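Trainee: Just a sequence and a predicted model for now, questions to come.
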Amino acid sequence: MKGSVARAATAPRTARWATAAAASTVLLAGCAAGASGGAPGDGASGGGGTVRAADALCSADSERSMRGAWLTTVRNIDWPSEPGLPAQEQQAELDAYLDDAVAMGLNAVFLHVRPTADAVYASDKEPWARYLTGAQGGDPGYDPLEYAVAQAHARGLEMHAWFNPYRVGLQDPDIENLVDGHPVKQNPEWLVDYGTEAYMDPGNPEVREWVTGVITDVVERYDIDGVHFDDFFYPYPKDGEEFDDDASWEAHGDGFDDRGDWRRDNVDRLMADVHGAIQETKPWVTFGVSPFGIWRNDSTDSSGSPSSGLQSYDAQYADTRTWIREGSVDYVAPQLYWERGFDTADYEALTDWWADEVEGTGVDLYIGQAAYRLGEDGWTGDDALSVQLDYSGESEQVGGDIYFSIKSMRDNPDAVDHLLGGHYAAPALPPRTDSGEEEARVGTVPGVAAEAGDHGVEVSWEAAEGARFYAVYALPAGAAEAGDETACEALTPDNLVGLTGGTALTDTGAGDDTVYAVTALDDYRAQGPVGEIADPRG
């Protein structure tokens, strides 16, 4: 994530950790009468306070929103807090961040798993990242990504694996301390020095094949929810430095008169290759990118944005527009790290530009939010993040937000509280992936029961085949008796207690007259129907 460069631009129902506030009243689509053929509400009482309202009460699909945060490993920015911690301390720190994510009302974490052509996971392709133990190749004694996925899912959080495709690191200490098994030590022709940094050469087809293989390996072996790239493609320009790719240009540049066009084509090919490999392996795993917030300025290209900052198309050879139009990505999350009204790159104008770019394409749009700027001039109020969402949240094309970074969110609780009091007053299900089918691949959740206890109402259920997550709703007491459609319409974000990967969840803010429904989300995050409603009063 390019913080400094990006900036310069040269109680209705809540998850019980949020403050109470009014929330959306959007009703569910696809409400239907029970398949049993009986009259609405004719279901018989079941044991343990469970009411079978209908064989298929409704096909639920609550309002969706991406609410994510980047969890950075490079330079130990977020996690681990320092290299060399014992495995249990690293796990405890990671658990705390995941707990924080839930408390912040988030539903996704983007974990930095390949910061410098190395691995924050067990790999026979690339060495362990030095940010774990202090030495590249040092085994931390456990598999951080495997642990992170399991712990995130248990909390109802998506876990996205964040990769840097080309960056190898700084000359000192990264390049000077590469272990013998590092891919660029084995293939020195892949490396291009660039001032104090070094990158894998995007113009070398072997690099593209290698990177695609590394990512495919992770997708195959880990139950991740997404693959994510940030804004590091060709390096950001530096005065007096040239990216010396003469050898690959001479070897592979046939057919291109302009080296810039060739460089963009190199990146375009990688994006298409990675997306294709994911689709062939696990099509429910999303692939997206968070590019620099300006594609091109309208002073350079009449179809560009009304801005005057660095242009990622020209500076990094990142043609995000092509990826959107060709479907090489499932979503884009441009880093709009500027405030509303900023002359060089106005947040509102850029939100509108990106919304126009994705409209009608099937590519989702999330906004990269600058939590790291909290406390700076123009970002000092408790509403500094909320005021950004006040604008972009009204756009039909904007499907959510990702914050850089989660540590900055943790360090600014007042700004998070402001979000929880308004935009995040109610939980949100994560966006659906494009499954090519409208119906969920999971049925009703069996054995739903609710029992009042000293700390709230514990809702439990049996595992449903094919379920990835479960959504728990607290409904008005008369929902089942009033009829199927009434209960279906009550499954709104207002009534969503929370999301979990387990088979139990406690509603610590339960009312006296509530009943509970549980739905399952499949791998594509499509939501199945409700079949049983549980009454804690028996």
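Mentor: Yep, that arrived. Numbers count the residues shown, from 1 in each chain.
Trainee: what about residue 467, distance to residue 433?
Mentor: 15 Å (Cβ to Cβ, to the nearest Å). For every residue, glycine as well, the C-beta is placed using N, CA and C.
Trainee: again, but for residue 86
Mentor: Residue 86 is 37 Å from residue 433, by Cβ to Cβ.
Trainee: How about residue 251?
Mentor: 38 Å.
Trainee: Have a look at these two and say which one is more surrounded.
Mentor: residue 433 (21 against 12; other Cβ atoms under 10 Å).
Trainee: correct me, but that one touches residue 286?
Mentor: Yes: shown here, residue 433 and residue 286 form a contact pair, counting by Cβ atoms under 8 Å, at 5.4 Å.
Trainee: Any idea which helix or strand in this structure has the lowest mean pLDDT?
Mentor: helix 3-8 (a mean of 41; mean pLDDT, DSSP states H and E).
Trainee: so where's this protein shaky on pLDDT?
Mentor: 1-62, 435-436, 479-488 (pLDDT under 70).
Trainee: Provide a complete list of residue ranges assigned to strands in the stretch 351-500 of the chain.
Mentor: 364-369, 398-403, 449-453, 456-460, 469-476, 496-500 (DSSP state E, counting those that start in this stretch).
Trainee: how far off strand 469-476 does the third one point, in degrees?
Mentor: Relative orientation of strand 449-453 versus strand 469-476 (axes from the mean of the first three to the mean of the last three Cα atoms, to 10 degrees): 70 degrees.
Trainee: for strand 449-453, which positions count as buried?
Mentor: 449-450 (16 or more other Cβ atoms under 10 Å).
Trainee: where's residue 339 relative to residue 384, distance?
Mentor: In terms of Cβ to Cβ, residue 339 sits 8 Å off from residue 384.
Trainee: Looking at the two, which one has more neighbours?
Mentor: Per other Cβ under 10 Å, whichever of residue 339 and residue 384 has more neighbours is residue 384, with 22 against 19.
Trainee: Does that one touch residue 419 like I think?
Mentor: No: Residue 384 is beyond contact range of residue 419, at 10.1 Å (criterion: Cβ under 8 Å).
Trainee: Just the residues contacting stretch 290-310, thanks.
Mentor: Residues outside stretch 290-310 that contact it (Cβ atoms under 8 Å, 6 or more residues apart in numbering): 1-2, 5-6, 8-10, 228-231, 236-237, 311-316, 318-321, 332-338, 343-346, 349-350, 353, 357, 368, 402.
Trainee: Selecting buried members of these in PyMOL, what would you type?
Mentor: What follows is the PyMOL syntax selecting those of these that are buried according to 16+ other Cβ under 10 Å:
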select buried, resi 1+2+5+6+9+228+229+230+231+236+311+312+313+314+315+316+318+319+320+321+332+333+334+335+336+337+338+345+346+349+350+353+357+368+402
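Trainee: Narrow the contacts of stretch 290-310 to those in strands?
Mentor: 228-229, 332, 368, 402 (DSSP state E).
Trainee: Can you lay out those residues as TSV showing distance to residue 198?
Mentor: Output for the ones in strands among the contacts of stretch 290-310, formatted as TSV (distance: Cβ to Cβ, whole Å):
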residue	distance to residue 198
228	22
229	18
332	27
368	26
402	28
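Trainee: Just the closest of the residues you listed to residue 190, please.
Mentor: residue 229 (18.4 Å; Cβ to Cβ).
Trainee: and the spatially closest residue to that closest one that is not a sequence neighbour, how many neighbours?
Mentor: In space, and not counting its chain neighbours, residue 229 is closest to residue 289: 4.5 Å by Cβ to Cβ, 6 or more residues apart in numbering. Residues near residue 289, counting by other Cβ under 10 Å, number 23.
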